[in-house]
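Peer 1: Predicted structure and sequence below. I'll ask about it afterward.
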Amino acid sequence: PSSEASNQGKSGADVKVQESKDIVVTSEDGITKIMFNRPPKKNAITFQMYQDIILALKNASTDNSAITVFTGAGDYYCSGNDLTNFTSASGGMEKAAEGGAVLLREFVNSFIDFPKPLVAVVNGPAVGISVTLLGLFDAVYASDKATFHTPFSHLGQSPEACSSYTFPKIMGSAKATEMLLFGKKLTAREACAQGLVTEVFPDSTFKKEIWTRLKAYAKLPPNSMRISKQLIRKNEKEKLHAVNAEECSTLKERWLSEECINAIMSFLSRKSKL
Amino acid sequence: PSSEASNQGKSGADVKVQESKDIVVTSEDGITKIMFNRPPKKNAITFQMYQDIILALKNASTDNSAITVFTGAGDYYCSGNDLTNFTSASGGMEKAAEGGAVLLREFVNSFIDFPKPLVAVVNGPAVGISVTLLGLFDAVYASDKATFHTPFSHLGQSPEACSSYTFPKIMGSAKATEMLLFGKKLTAREACAQGLVTEVFPDSTFKKEIWTRLKAYAKLPPNSMRISKQLIRKNEKEKLHAVNAEECSTLKERWLSEECINAIMSFLSRKSKL
Amino acid sequence: PSSEASNQGKSGADVKVQESKDIVVTSEDGITKIMFNRPPKKNAITFQMYQDIILALKNASTDNSAITVFTGAGDYYCSGNDLTNFTSASGGMEKAAEGGAVLLREFVNSFIDFPKPLVAVVNGPAVGISVTLLGLFDAVYASDKATFHTPFSHLGQSPEACSSYTFPKIMGSAKATEMLLFGKKLTAREACAQGLVTEVFPDSTFKKEIWTRLKAYAKLPPNSMRISKQLIRKNEKEKLHAVNAEECSTLKERWLSEECINAIMSFLSRKSKL
């Protein structure tokens, strides 16, 4: 149990707090920043990056920061799961699907259980799991260049990161299903109107405005923010864990289905021809 | 258990698949279309039509279509429950109310349990149960000539089709109650802003645009869509069945109340004088 | 159990039905009106006012009105909990916090359990608990001069009146948390776009338009409205009571924390210097 004093978020230099190839973690002004940093691949998430993020969240939950922020390096926020994760897995397909489902579940759990305010600074296009995870964030600020796209059906897959529960809750079934089942891509303004995004900013002033605001928020009484967040999360934490388990189990089956294998092969083949 | 192949939605001719006087069911391009077809009565739903729709949904759940679409013939989408259902029922009033509640519950259950994506193409005004059912659809596209009206209190009745649960979830209590308790009529754009409608189109291009889009959606991997929908629905299926039972039980009592009988008599008497 | 006849909302003169210094209760045209009436203190709520409102709701639940309306006298709707409640409490701090939590819980319960349509006519700025309570109302009409502000973290406190549950449900987590954790103040139009407010009116015509509308609503069949409201509320009444208990218990601890004591002292000291 931490004392009041231990969480007062002492401001310090912008120190890199975790060594990782494609995830950069820094902490400054009461804010721990976790950045997707793989611009040549549009910040697509590799197996290693999932593990690095789990570790980063674990560290951030007990460091002296008041809030934790995700953002992306370069033009993209994050293009989602790196589909070569499927082809690069060693062992049989069953084993790979099993391992993927276990990792995904642990990854999403680390967002469900994260104890401090969690903010997304969406600097550009977001795809797949980087979109569905937003339903577990406490605030989502977006550049007007950001888009939100979950083409699960196109890839023979199904929703993850509790979006089968959070998206209908946030935007109602009629809007949620168009995204999750039919793969409708939203602009930042549409995502804001539907409650997935807190506020949209012109790209030219986005970073300046949002970091000024976040630094002010990080100075609020940290225990109040942490306790209030946990009060809100408590209302559905059990449900979120159950949904996560169900979604991962469904996805494991999907990954072994003909529809999914064909769709991914076709996607990678189209890409390699470009 | 259906195999992957059996659901691949083989495109065929637009064949009428069910004989029924006031409900027309056709299947083409991977889409099963269920049309309210009683334009002289603004597509008001008779006892027979409730039964025809239950059967149509049963058939559509196992046919080779990928998605199922409801729409209306003529100017109206559907004017709701035909109020002459009340006066034309044989047997005593208690028996009629009991029978009505049993049929309503089965009718709504067939929407709760429908296993594939369910889309409403709202071509004009929608009233009563044709509005409340929309909370159980996966996408709702509306012409800008559509309106959404649930005058339950005016008729001495109470909400049905799980709207006492879905409407507050979709639009928040402050908007939902104005519709369900005070009978506020919404325009298509208002219904869209509040999440009941997915998207609104100008009436002049509505049908063309929407069927082009739906045909594209119907070509997506059908098992992914079906499994994703069931993943979403699973989160609240038990709750929806409980709400449906409670609503039908409440309505049965309402139908026998002085308020309701007076309101319906007054409505039918005004109408007969026109 | 009331008969149909006993609730028919007989219209009568605008009679003051409860004697109270800072809460004025009147009943007319089928509407019971509960008004915050402490303009020199921006209608901040004292311990006595909490008790007066509990009594007023108890009386309104069985009087012959069809709907109950809250509004504020003067420029403010209500500036929330009077912070001098903390300093004026007799006995030790532990005892004062305990007493405050018991009173708050009973106060919020009287809104959760209120059996008739409950409407807020928000004539000006609303702060703190007068905002969070709105999630328990059936309709919220606002002047365009109204604002909505919940600076809990700034005061070292945490959300109450079930807002940790109702706000994420109404507006989605990304919008709710910005209000509840970061204290973002909303304009009336923003609150309406996010579903907290039903409709916004120009201040110049607000009162005329809204009372005309409410008088029409109050003439609808009262049992239908009451039964429909209870049908909607039943879906989450148990959850709301559990959330209220949890929030009050959390707040009691917050009130004894260093963060909260320092924040309130600082607020009152700034105020006394003005």
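Peer 2: On my side now, so go ahead.
Peer 1: From now on I want contacts and neighbour counts done on CA atoms only, so please keep to that.
Peer 2: Will do.
Peer 1: How about A:D75: what's its closest non-neighbour residue?
Peer 2: Nearest residue to A:D75 in three dimensions, chain neighbours excluded: A:G124, at 5.6 Å (CA to CA, 6 or more residues apart in numbering or on different chains).
Peer 1: Run me through the strand neighbours of the helix or strand hosting A:T71, direction for each.
Peer 2: Element membership for A:T71 (DSSP states H and E) is strand A:67-72. Using DSSP bridges, the strands paired with strand A:67-72 are strand A:31-36 (parallel), strand A:118-122 (parallel).
Peer 1: Tabulate the ones you listed (TSV), appending distance to C:N85.
Peer 2: Output for these, formatted as TSV (distance: least, CA to CA, whole Å):
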stretch	distance to C:N85
strand A:31-36	35
strand A:118-122	33
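Peer 1: Dump those into JSON lines; add distance to A:S266 and mean pLDDT as well.
Peer 2: Converted to JSON lines, these look like this (distance: least, CA to CA, whole Å; pLDDT from 0 to 100):
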{"stretch": "strand A:31-36", "distance to A:S266": "26", "mean pLDDT": "98"}
{"stretch": "strand A:118-122", "distance to A:S266": "29", "mean pLDDT": "98"}
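Peer 1: Indicate which one of those strands is closest to B:I112.
Peer 2: Ranking these by proximity to B:I112 (CA to CA) places strand A:118-122 first, at 34.7 Å.
Peer 1: contacts for the next helix-or-strand element following that closest one?
Peer 2: The C-terminal neighbour of strand A:118-122 among helices and strands, as given by DSSP H and E, is strand A:126-127. Contacts with strand A:126-127, where a contact means CA atoms under 8 Å, 6 or more residues apart in numbering or on different chains, come from A:76-80, A:146-151.
Peer 1: and the next helix or strand after strand A:126-127, anywhere near chain B?
Peer 2: Once strand A:126-127 ends, the next helix or strand along the chain (criterion: DSSP H and E) is helix A:129-132. No. If you take CA under 8 Å from any CA of the partner chain as the test, helix A:129-132 misses chain B, and the best it gets is 13.4 Å.
Peer 1: Whether helix A:129-132 contacts chain C - can you check?
Peer 2: No. Using CA under 8 Å from any CA, helix A:129-132 never reaches chain C; the gap is at least 12.9 Å.
Peer 1: following that helix, which helix or strand shows up next?
Peer 2: Later in the chain than helix A:129-132, the nearest helix or strand by DSSP H and E is strand A:139-143.
Peer 1: elements contacting that next one?
Peer 2: Here strand A:139-143 touches strand A:118-122, strand A:199-201, helix A:203-217, helix C:173-180, going by 3 or more CA pairs under 8 Å, 6 or more residues apart in numbering or on different chains; DSSP states H and E.
Peer 1: need the helices for chain A, in chain order.
Peer 2: Along chain A, the segments classed as helices by DSSP state H run A:47-60, A:84-88, A:93-112, A:129-132, A:163-171, A:173-180, A:188-193, A:203-217, A:222-234, A:237-255, A:258-273.
Peer 1: Start and end of stretch A:254-261, how far apart?
Peer 2: 9 Å (CA to CA, to the nearest Å).
Peer 1: Would that stretch count as contacting chain B?
Peer 2: Yes. Using CA under 8 Å from any CA, stretch A:254-261 reaches chain B at A:254, A:258-259.
Peer 1: Mark which of those residues are buried, thanks.
Peer 2: By neighbour count, with 16 or more other CA atoms under 10 Å in any protein chain shown, the residues of stretch A:254-261 next to chain B hold A:254, A:259 as buried.
Peer 1: Would you mind putting the residues of stretch A:254-261 next to chain B into a markdown table with distance to chain C and pLDDT alongside?
Peer 2: Listed next are the residues of stretch A:254-261 next to chain B as a markdown table, based on distance: CA to the nearest CA, whole Å; pLDDT from 0 to 100:
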| residue | distance to chain C | pLDDT |
| --- | --- | --- |
| A:R254 | 29 | 94 |
| A:E258 | 36 | 91 |
| A:E259 | 33 | 91 |
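Peer 1: picking that back up, contact partners of the strand holding A:T71?
Peer 2: The contact list for strand A:67-72, computed with CA under 8 Å, 6+ apart, reads A:30-37, A:43, A:60, A:77-78, A:116-124, A:218.
Peer 1: Apply 7 Å and report the result again.
Peer 2: Outside of strand A:67-72, the residues within contact range by CA atoms under 7 Å, 6 or more residues apart in numbering or on different chains are A:30-37, A:77-78, A:116-123, A:218.
Peer 1: Is A:I67 bridged to anything, and to what?
Peer 2: Here A:I67 sits in beta bridges with A:I31, going by DSSP bridges.
Peer 1: how deep is it tucked in, by neighbour count?
Peer 2: Using other CA atoms under 10 Å in any protein chain shown, A:I67 has 27 neighbouring residues.
Peer 1: just A:S204 next, same as before
Peer 2: Going by other CA under 10 Å, the residues that sit close to A:S204 add up to 11.
Peer 1: Quick check: A:S153 touching A:L181?
Peer 2: Yes. With contacts counted by CA atoms under 7 Å, A:S153 reaches A:L181, the gap being 6.0 Å.
Peer 1: Find residues that contact each of the two.
Peer 2: Listed contacts common to A:S153 and A:L181 are B:M225; contacts here mean CA under 7 Å, 6+ apart.
Peer 1: which residues touch A:M225?
Peer 2: Shown in contact with A:M225 (CA under 7 Å, 6+ apart): A:117, C:153, C:181.
Peer 1: do the same with A:N85
Peer 2: A:46-47.
Peer 1: Let me see the confidence value for it.
Peer 2: Listed pLDDT for A:N85 reads 80.
Peer 1: And for A:R189?
Peer 2: Looking at A:R189, its pLDDT stands at 98.
Peer 1: ditto for A:L134
Peer 2: Note for A:L134: predicted pLDDT of 98.
Peer 1: and A:K116, what are its phi and psi?
Peer 2: Dihedral pair for A:K116: phi -110, psi 170, per degrees, to the nearest 10.
Peer 1: Now it: closest residue in space that isn't a chain neighbour?
Peer 2: A:K116's closest residue in space is A:R226 (CA to CA, 6+ apart), at 4.9 Å.
Peer 1: neighbours around the one you found, how many?
Peer 2: Neighbour number of A:R226 under other CA under 10 Å is 20.
Peer 1: wait, isn't it in contact with A:L118?
Peer 2: No. If you go by CA under 7 Å, A:R226 and A:L118 don't touch, sitting 10.2 Å apart.
Peer 1: so how far is A:L136 from A:L214?
Peer 2: Separation of A:L214 from A:L136 (CA to CA) stands at 18 Å.
Peer 1: Point out the residues in the stretch 51-200 of chain A that sit beside chain B.
Peer 2: Within the stretch 51-200 of chain A, the positions adjacent to chain B are A:153-154, A:156-159, A:164-165, A:169, A:171-175, A:177-178, A:181-182 by CA under 7 Å from any CA of the partner chain.
Peer 1: I'd say A:V122 and A:Y76 touch.
Peer 2: No. Taking contacts as CA under 7 Å, A:V122 lies outside contact range of A:Y76: 8.4 Å.
Peer 1: Counting neighbours, go ahead and name the busier of these two.
Peer 2: Per other CA under 10 Å, whichever of A:V122 and A:Y76 has more neighbours is A:V122, with 30 against 26.
Peer 1: Can you give me every residue that contacts the closest residue to that one other than its chain neighbours?
Peer 2: The shortest distance from A:V122 to any non-neighbouring residue, by CA to CA, 6+ apart, is to A:A142 (4.6 Å). Each residue near A:A142 by CA under 7 Å, 6+ apart is listed here: A:121-123, A:188, A:197, A:199-201.
Peer 1: give me that answer again for 6 Å
Peer 2: Listed by CA atoms under 6 Å, 6 or more residues apart in numbering or on different chains, the contact partners of A:A142 are A:121-122, A:200.
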